[in-house]
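A.B. asks: just need the structure, nothing else, for what follows:
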Amino acid sequence: MSERIRLGLVGIGKIARDQHLPALAGEDRFDLVATASRHASVDGVPSHKDVESLIAGGHALDAVSLCTPPEGRYDQARLAIEAGLNVMLEKPPAATLTEIFDLAERARAKGVTLFTTWHSREAAGVEPAQQWLAGKNISAVRITWREDIRRWHPGQEWILAPGGFGVFDPGINALSIVTKILPDALLLDEAWMEVPEGRASPLRAKLHMRCAGAPVTADFDFLQTGPQTWDIEVDTDAGTLSLGMGGSVLQLPGEDAHKAPDREYARLYARFAALVAAKQSDVDVRPLQLVADAFLVGERAIGEPFAF
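C.D. replies: Residues are numbered from 1 along each chain as shown. Model prediction:
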């Protein structure tokens, strides 16, 4: 592999333009040499319609980063792995647990890197929160994750289709944070979901979980109007820790709020580069397991039809 990682970016949609392209523009370990997307391209970069033509395009690729919806991503990742390419996956990493377990085994057998990314874990307050919680007794955790699908996913019908995750597409960000910062395993007891008539994925969900006996509740809403809410509160024997704005604002007992600029995707690409250099993978499926458990045991209510 060349000193700089020659990267193909697959899926030039909102998340690629908002996050991946800016992060790559500031990252000197990657060269964006080609893209693949059915309907979009990047100025000045060779483009293809699909992964097959990207791989066959003569770009001497080292890696691909997949920014497509989770439904169908398995086939793209498998083709890349079979071609000997290192693979970075947007979250959620796949439509099912079976898919990601199979990709992990294929990557291991092929000797390439597979990286399941959880961008919210890279928010500024998450690692300090994990360090502060270590060794403390936790009595309760409250997750409130409410945003407007029409603002963040305009016209993206796939998100309420089978494999689209619905409100768990943003909600899994919260689950990625708590599975990282809490010192014990997070187990699901009950789940409730509201699925619009004619759709397959929920707009609202409530989860009841536990962590070493402490209750953990999650309130997910995809129809939030006004201020958007991405908050986590953890009650401990040393006071309450609060993570706001998706993990970027940390409030510790008796201290001023700690804030820092957004560098989530820059940190993800730095991590991917380090994994490729070390010929290692990072495949953490705990957030996806909790969502799968919610669909397995959850109670579903049918709500009103929803249109973007």
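A.B. asks: now Tyr269: which helix or strand?
C.D. replies: helix 264-278 (DSSP states H and E).
A.B. asks: what helices or strands is that helix leaning on?
C.D. replies: helix 21-25, strand 63-66, strand 86-89, strand 114-116 (3 or more Cβ pairs under 8 Å, 6 or more residues apart in numbering; DSSP states H and E). Bear in mind the C-beta positions are built from the backbone N, C-alpha and C, glycine included.
A.B. asks: give me the contact list for the first one.
C.D. replies: If I follow you right, that is helix 21-25. Leu7, Leu9, Phe30, Leu32, Val42, Tyr265, Ala266, Leu268, Tyr269 (Cβ atoms under 8 Å, 6 or more residues apart in numbering).
A.B. asks: send over it as PDB, restricted to the C-alpha atoms.
C.D. replies: What follows is helix 21-25, C-alpha atoms only, in PDB (Å, rounded to 0.1, in the frame of the first residue of the first chain):
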ATOM      1  CA  LEU A  21     -15.800  15.200   2.500                       C
ATOM      2  CA  PRO A  22     -14.900  18.000   4.900                       C
ATOM      3  CA  ALA A  23     -13.100  15.500   7.100                       C
ATOM      4  CA  LEU A  24     -11.100  14.100   4.200                       C
ATOM      5  CA  ALA A  25     -10.300  17.600   3.000                       C
END
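A.B. asks: so what strands line up beside the next helix or strand after it?
C.D. replies: Downstream of helix 21-25, the next assigned helix or strand under DSSP H and E is strand 30-36. When sheet partners are counted by DSSP bridges, strand 30-36 sits next to strand 5-10 (parallel), strand 47-48 (parallel).
A.B. asks: can you say which of these is packed in most?
C.D. replies: Ranked by mean neighbour count, the strands paired with strand 30-36 are led by strand 5-10 with a mean of 24 (mean count of other Cβ atoms under 10 Å).
A.B. asks: and the pLDDT at Phe308?
C.D. replies: The model reports Phe308 with a pLDDT of 89.
A.B. asks: ugh, typo on my part, it should be Ser2
C.D. replies: Per-residue confidence (pLDDT) for Ser2: 56.
A.B. asks: ok, which of the strands paired with strand 30-36 comes nearest Leu207?
C.D. replies: Smallest distance to Leu207 across these (Cβ to Cβ): 31.3 Å, for strand 5-10.
A.B. asks: now the angle between helix 264-278 and the closest one, please.
C.D. replies: 130 degrees (axes from the mean of the first three to the mean of the last three Cα atoms, to 10 degrees).
A.B. asks: using CSV, write out the CA atom coordinates for strand 5-10.
C.D. replies: C-alpha atoms of strand 5-10 as CSV (Å, rounded to 0.1, in the frame of the first residue of the first chain):
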residue,chain,number,x,y,z
ILE,A,5,-4.3,5.7,1.6
ARG,A,6,-6.0,5.8,-1.8
LEU,A,7,-9.7,6.0,-0.9
GLY,A,8,-13.0,5.4,-2.8
LEU,A,9,-16.0,7.1,-1.3
VAL,A,10,-19.3,5.3,-1.9
